[in-house]
Every structure is written in C-alpha cells, then in structure tokens.
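Colleague: Sequence and predicted structure are below.
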Amino acid sequence: MNRILIIEDDDDLREGLTFSLGAEGCEVISAPNAAEGMAAFTEKRPDLVILDCNLPDGNGFEICGEMKKQSSAAIIMLTARDTELDEVKALELGMDDFMSKPFSLAVLKARIKRLLRKSDENDKMISGNITLDRTACKVCKNGEQVELSKVEYQLLSYLMYNEGAVLSKEQILQHVWDSHGNFVDENTLQVNVRRLRAKLEDDPKSPTRLVTVYGIGYIWKKV
C-alpha cells in the first residue's frame, strides 16, 4: 500500500483529497501546515507528498528542499499562482511535478500513479555486483545476501542512491542519523564505513567502491 502525505491548509481540499485517494487504496496522512507536515514526513516516511506552495507557517519551496535532503519521496506541488517562474523554481528544487489550482482530480490521480510507478521501478538499485532491494530491505553481493545492520543498510542506501556524487560527512550524518533526532559524532560514521567495506569490498584495505574523499566525505563508485 502506497503512503501519501497531503500538506494543505485548505480544509475542504485537504479532506476531499484524503477521501478520494483513500478510496483508491492509498494510506493517506494529512497536515494543515508546514510544522505538522514536516513532523509527519519525518515520522511516517511517505512514498509521495502533495505539497501546497503557500502555507500559513512556511513556504513550500523551503519545505521541498528539506524533504529532498531526507528522502527520495516524490513531491507534487500545488499552487494558486499560475506562473512560469514558480514552476521553474519548483523543478529546480527537485519537485517531481507541479499543478496549478484549480486542477482536475482525474489528472492529479494519473500523475500520482505515474510517479508511484516510477518510484516502484527504482526500488531495486544495482551497482556492479552489489544489489540493494529496498522493497525487501535486502543487499546482495554476487547474488549472495549480505547481512547488514539497520544503520549500515541506511548508509549504503543513501550512498548508492547518490552514486558518483561526493557526499560530505555532514550530509551523511544528517541523513542517516540526525534526521531521527539522534546526535552522533564523526567516529560513528567512520566505524560504519569500515564495517560496510569489510562486507562489500573485495579488499577492504584498498576500497574501490566506498571511497574516502579526504577533507570532504565519501563517494560510492560503480566498479
């Protein structure tokens, strides 16, 4: 069952969307403002977010940026302002779709289905002989399952999702640990990196996949 979060301050629209999408078989969570929306996003980890551009306590563009730091969930922005500038800004921030009010419910549902289908296709990540199946929460090397702790799995998932990109230590700490309100120091990250290398690298002392970028952080390379 797909989980959808609606962040919309218009009570009638929010309740209508909640009912309609619930009838489609989705689990729907809703929030009337930015604060409650971000709390629900962090706790519930939705597959897709319907986000109003203008909220009483926040800006949809800023919220989108925070969400994209935490998750790969698809985001559809709703706005009452039909301007090209807003649409361009939304897409530059990583928004997956953009709709102006008033909109067709049938069109919104079609776009939701398209984004969820695309998300399902991306649930399996393959990098060389390493496969991460996010649906089954399983990691394999050369077809053989590798047992990982929860933190090791989350760390690997974040690195593989950003394959080829240098991730700073701060980015990784915030995404894997701080997003849950847990303070950790840099040594915790180093320990988990060593453990991942021991399980996934052919030669952990000379890693070719999970590579240190000195003075910055780490990069996951496809071998």
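Modeller: Received the coordinates, thanks.
Colleague: What ranges does the chain have for its helices?
Modeller: 11-23, 34-44, 60-70, 84-92, 105-121, 150-161, 169-176, 186-200 (DSSP state H).
Colleague: for the spatially closest residue to Asp10 that is not a sequence neighbour, which residues make a bridge with it?
Modeller: In space, Asp10 comes closest to Asp52 once its chain neighbours are excluded; the distance is 7.5 Å by C-beta to C-beta, 6 or more residues apart in numbering. Yep, even glycine has a C-beta here, placed from its N, CA and C like the rest. Beta-bridge partners of Asp52, counted by DSSP bridges, are Leu78.
Colleague: coming back round to it: can the helices of the chain go into TSV with extra columns for mean pLDDT, mean neighbour count and distance to Gly128?
Modeller: Putting the helices of the chain into TSV (pLDDT from 0 to 100; neighbours: other C-beta atoms under 10 Å; distance: least, C-beta to C-beta, whole Å) gives the following:
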stretch	mean pLDDT	mean neighbour count	distance to Gly128
helix 11-23	95	14	38
helix 34-44	91	17	32
helix 60-70	83	17	26
helix 84-92	74	14	31
helix 105-121	85	14	20
helix 150-161	90	19	10
helix 169-176	85	18	21
helix 186-200	93	16	10
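Colleague: possible to save the ones you listed as CSV with distance to Lys138?
Modeller: Listed next are the helices of the chain as CSV, based on distance: least, C-beta to C-beta, whole Å:
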stretch, distance to Lys138
helix 11-23, 29
helix 34-44, 23
helix 60-70, 22
helix 84-92, 33
helix 105-121, 16
helix 150-161, 9
helix 169-176, 19
helix 186-200, 13
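Colleague: which one of those helices lies closest to Asn142?
Modeller: The minimum distance between Asn142 and the helices of the chain falls on helix 186-200, with 10.5 Å, by C-beta to C-beta.
Colleague: ok, back up a step: make sure the residue nearest to Asp10 is actually in contact with Gly60.
Modeller: Yes. At 5.9 Å, Asp52 and Gly60 qualify as touching, with contact defined as C-beta atoms under 8 Å.
Colleague: what does stretch 146-161 contact?
Modeller: Stretch 146-161 has contacts (C-beta atoms under 8 Å, 6 or more residues apart in numbering) with 72, 125, 127, 130, 132, 134, 137, 139-140, 167, 172, 175-177, 189, 192-193, 195-196, 199-200, 210, 218-220.
Colleague: now stretch 23-39
Modeller: Contacts for stretch 23-39 (C-beta under 8 Å, 6+ apart): 1-9, 11, 14-15, 17-18, 21-22, 40, 44, 46, 51, 55-59, 63, 66-67, 109.
Colleague: Only alpha carbons, please: show stretch 140-160 as PDB.
Modeller: C-alpha atoms of stretch 140-160 as PDB (Å, rounded to 0.1, in the frame of the first residue of the first chain):
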ATOM      1  CA  CYS A 140      23.300  -9.000  -2.200                       C
ATOM      2  CA  LYS A 141      26.900  -9.300  -3.400                       C
ATOM      3  CA  ASN A 142      27.400 -11.600  -6.400                       C
ATOM      4  CA  GLY A 143      23.900 -12.900  -5.800                       C
ATOM      5  CA  GLU A 144      24.600 -13.800  -2.200                       C
ATOM      6  CA  GLN A 145      22.800 -12.000   0.600                       C
ATOM      7  CA  VAL A 146      24.900  -9.800   2.900                       C
ATOM      8  CA  GLU A 147      23.700  -9.300   6.400                       C
ATOM      9  CA  LEU A 148      23.700  -5.600   7.400                       C
ATOM     10  CA  SER A 149      22.600  -3.700  10.500                       C
ATOM     11  CA  LYS A 150      19.800  -1.200  10.100                       C
ATOM     12  CA  VAL A 151      22.300   1.700  10.200                       C
ATOM     13  CA  GLU A 152      24.600   0.000   7.700                       C
ATOM     14  CA  TYR A 153      21.700  -0.600   5.400                       C
ATOM     15  CA  GLN A 154      20.600   3.100   5.600                       C
ATOM     16  CA  LEU A 155      24.100   4.300   5.000                       C
ATOM     17  CA  LEU A 156      24.500   2.000   1.900                       C
ATOM     18  CA  SER A 157      21.100   3.000   0.500                       C
ATOM     19  CA  TYR A 158      22.000   6.700   0.800                       C
ATOM     20  CA  LEU A 159      25.400   6.200  -0.800                       C
ATOM     21  CA  MET A 160      24.100   4.100  -3.700                       C
END
